[in-house]
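J.: Structure for this input, please:
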Amino acid sequence: MAVQLQHSMRPQHSPDDIARGRFVSGLRSFILNDLAQDMRHAYDTRAARSFEKLEGRTPQSSAEAHKAMRPDPAFKVYSACRVHAQSMVWDSVIPVVVRNSDQMDRAVDETNAMQQVALDPNLIVPRNVEGLDVHLMPGGYAKRDISQVAAGAIYDQGLAVFSMGLMGENLDDIGLSMSAYIRAAFPDFKPRDILDVGCTIGHNTLPWKMAYPEATVHAVDVAAPGLIYGATRAKLQKADIHFHQMNAESLGFESGSFDVVFSSMFLHELSAKTRAAFFKEANRLLRPGGLLLNMELPPNSQMGAFEGFYLDWDCYYNNEPFYKGFRDQDPRALCRAGGFDDADYLQFVVPSIGIYGAEAVEEAARAPLSVDQETTGRLAEGVQWFGFGAWKVA
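T.: Numbering: from 1, shown residues only. Sure, this is the predicted structure:
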């Protein structure tokens with residue numbers, strides 16, 4: 001069932017709006033749980049066996065599992081339903097945002113949110129952000145033809161429907177889960193300055209301020225509408241966050257400015273070149289003893305062929321061209337290429353704090369969970385989040 005966001009920046013919904021959102025969210029739940037299980041059954045009983053007859057072995061990779069599944073009716077039904085449901089997500093929220101756009105623009109002024117936003121008029125928004133309807137979202141993150149914040153509002157409302165309630169009442173479950181894990185696993189770590197890169201609307205930035213209230217928290221992204229919307233959203237949630245329009249390839253902060261550099265569901269949106277540059281920038285920005293932490297999709301190398309294929313679906317059918325390229329990379333190697341030492345590498349799986357509770361997060365900090373689970377990284381019942389990064393020792 002679609003979550004109704006609890007923050008004060010949310011638009012006013014009519015009963016029809018709510019019903020439409022709940023229907024689409026329920027449809028996505030059916031697809032990602034029931035139809036996904038049907039597809040797994042088809043893989044085990046038909047597709048993998050057919051592949052084995054032709055190749056003399058079962059599929060060994062995500063790509064081979066994809067090849068095996070493509071002709072199967074279960075895959076075709078699942079994919080057709082999922083693509084149409086994705087479009088329905090945006091169709092269900094765009095009229096709501098359009099109808100409430102004046103109200104949202106007033107909220108920007110009334111909160112003085114622009115005092116918390118540093119926009120860069122000379123920044124060139126990357127083509128994959130400005131020219132691509134990523135996630136099939138019309139206009140993408142940078143569209144500004146409705147209002148100055150509409151793209152951020154569309155993303156916020158769309159993600160609420162899309163996530164089926166699994167990302168928390170304000171879409172902050174990832175940030176809450178990640179920050180709670182770090183607090184539990186490293187109780188002596190007391191960051192003073194925290195940076196969230198690729199923050200979109202700051203929904204996973206705010207939990208870091210909640211976890212470390214004495215810290216100064218900054219958030220950056222390339223798309224201005226999300227930053228303005230996010231700053232207003234943060235103001236209305238009484239959170240002191242500083243938003244900046246910057247590119248992850250070249251972050252305009254002095255070296256050694258931060259104790260935490262964080263990102264969530266960001267790396268798979270970047271080209272390999274930009275991704276590599278970000279890791280070097282993170283290393284530059286961290287103080288000795290600081291932590292680079294990325295919440296992301298788990299790597300194909302640590303998952304079974306079907307599980308990898310299931311997650312890689314978005315690369316082919318959801319306008320996320322860099323998705324599989326990222327998942328085919330080795331997280332440890334990414335950190336190493338950024339200047340971090342292998343001995344300081346960190347990775348973990350943390351249960352969703354909203355579903356399992358704080359005690360489960362604390363238990364995961366004491367007893368590591370396996371990456372290769374069907375629920376890792378999947379928006380489905382029992383979701384668990386994958387995190388990786390490295391400490392900067394010197």
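J.: can you pull out the helices in the stretch 1-150 of the chain?
T.: Ranges of helices in the stretch 1-150 of the chain, per DSSP state H, counting those that start in this stretch, are 15-29, 36-42, 48-55, 62-69, 73-99, 101-110, 127-130, 150-162.
J.: For residue 322, grab phi and psi.
T.: The phi/psi pair for residue 322 (degrees, to the nearest 10) reads phi -100, psi 0.
J.: So residue 237 is in contact with residue 206, correct?
T.: Yes: with contacts counted by C-beta atoms under 8 Å, residue 237 reaches residue 206, the gap being 6.3 Å. C-beta here means a position set from N, CA and C on the backbone, and glycine is covered the same way.
J.: Those two: who's more crowded?
T.: In this view residue 237 and residue 206 are compared by other C-beta atoms under 10 Å, and residue 206 has more residues nearby, 27 against 19.
J.: So which helix or strand of this protein has the lowest pLDDT on average?
T.: helix 127-130 (a mean of 88; mean pLDDT, DSSP states H and E).
J.: if we look at that one, which residues are touching it?
T.: If you take C-beta atoms under 8 Å, 6 or more residues apart in numbering as the criterion, helix 127-130 is touched by 134, 140, 141, 142, 222, 223, 269, 270, 271, 321, 322.
J.: related to what we said a few turns ago, quickly, which of the helices of the stretch 1-150 of the chain bottoms out on average pLDDT?
T.: Mean pLDDT values for these show the minimum at helix 127-130, a mean of 88.
J.: Pull the distance from that one to the chain's centre.
T.: Relative to the centre of its chain, helix 127-130 is centred 17 Å away, using C-alpha atoms, centre = their mean, to the nearest Å.
J.: now stretch 293-302
T.: Counting by C-alpha atoms, centre = their mean, stretch 293-302 is centred 12 Å from the centre of its parent chain.
J.: repeat for stretch 53-68
T.: Here the centre of stretch 53-68 is set off from its chain's centre by 29 Å, with C-alpha atoms, centre = their mean.
J.: likewise stretch 311-319?
T.: Mean-position distance between stretch 311-319 and its chain equals 14 Å (C-alpha atoms, centre = their mean).
J.: So what touches that stretch?
T.: Stretch 311-319 has contacts (C-beta under 8 Å, 6+ apart) with 62-63, 66, 79, 82-83, 86, 132-136, 297-298, 300, 303, 320-325, 327, 377-378.
J.: Could you report the neighbour count for the nearest residue to residue 352 once chain neighbours are set aside?
T.: Of all residues beyond its chain neighbours, the one nearest residue 352 is residue 383 (5.0 Å), with distances taken as C-beta to C-beta, 6 or more residues apart in numbering. By other C-beta under 10 Å, the residues close to residue 383 number 22.
J.: I figured residue 383 hits residue 375, correct?
T.: Yes: counting by C-beta under 8 Å, residue 383 touches residue 375, with 5.8 Å between them.
J.: Look at the most centrally placed residue in the chain and report its pLDDT.
T.: The centroid of the chain falls nearest to residue 265 when counting by C-alpha atoms, centre = their mean (2.8 Å). Residue 265 is assigned a pLDDT of 97 by the prediction.
J.: Could you pull up phi and psi at residue 261?
T.: Per degrees, to the nearest 10, the backbone of residue 261 is at phi -120, psi 120.
J.: secondary structure class for the closest residue in space to it that isn't next to it in sequence?
T.: Nearest non-adjacent residue to residue 261, counting by C-beta to C-beta, 6+ apart: residue 282, 4.3 Å away. Secondary structure, DSSP: H, G, I helix; E, B strand; the rest coil: residue 282 is helix.
J.: so who does residue 282 touch?
T.: Neighbouring residues of residue 282 by C-beta under 8 Å, 6+ apart: 197, 261, 292, 338.
J.: Quick check, the residue nearest to the centre of the chain in contact with residue 294.
T.: No: between residue 265 and residue 294 there is no contact under C-beta under 8 Å: 9.1 Å.
J.: The residue nearest to residue 352: what's it in contact with?
T.: 166, 352, 355, 375, 377.
J.: At which residues are the strands of the stretch 101-250 of the chain located?
T.: For the stretch 101-250 of the chain, the strands defined by DSSP state E, counting those that start in this stretch cover 117-118, 193-197, 216-221, 241-245.
J.: Now for residue 67, how many residues are close by?
T.: By the measure other C-beta under 10 Å, the count of residues near residue 67 is 16.
J.: correct me, but residue 89 touches residue 158?
T.: Yes: Residue 89 lies in contact with residue 158 (C-beta under 8 Å); the separation is 5.1 Å.
J.: So which of the helices of the stretch 1-150 of the chain is nearest residue 230?
T.: helix 150-162 (6.2 Å; C-beta to C-beta).
J.: Spit out the contact partners of residue 195.
T.: Here residue 195 is in contact with 217, 218, 219, 220, 251, 253, 257, 258, 260, 261, 262, 285 (C-beta under 8 Å, 6+ apart).
J.: ok, 6 Å please
T.: Residues near residue 195 by C-beta atoms under 6 Å, 6 or more residues apart in numbering: 218, 258, 261.
J.: Once you drop chain neighbours, what's closest to residue 141?
T.: Once flanking residues are discounted, residue 141 sits nearest to residue 223: 3.9 Å by C-beta to C-beta, 6+ apart.
J.: Tally up the residues packed near that neighbour, please.
T.: Neighbour number of residue 223 under other C-beta under 10 Å is 27.
J.: try the one 5 residues further on
T.: As a burial measure, the neighbour count of residue 228 was computed by other C-beta under 10 Å and equals 27.
J.: can I assume it is in contact with residue 147?
T.: No: shown here, residue 228 and residue 147 do not form a contact pair, counting by C-beta atoms under 6 Å, at 9.6 Å.
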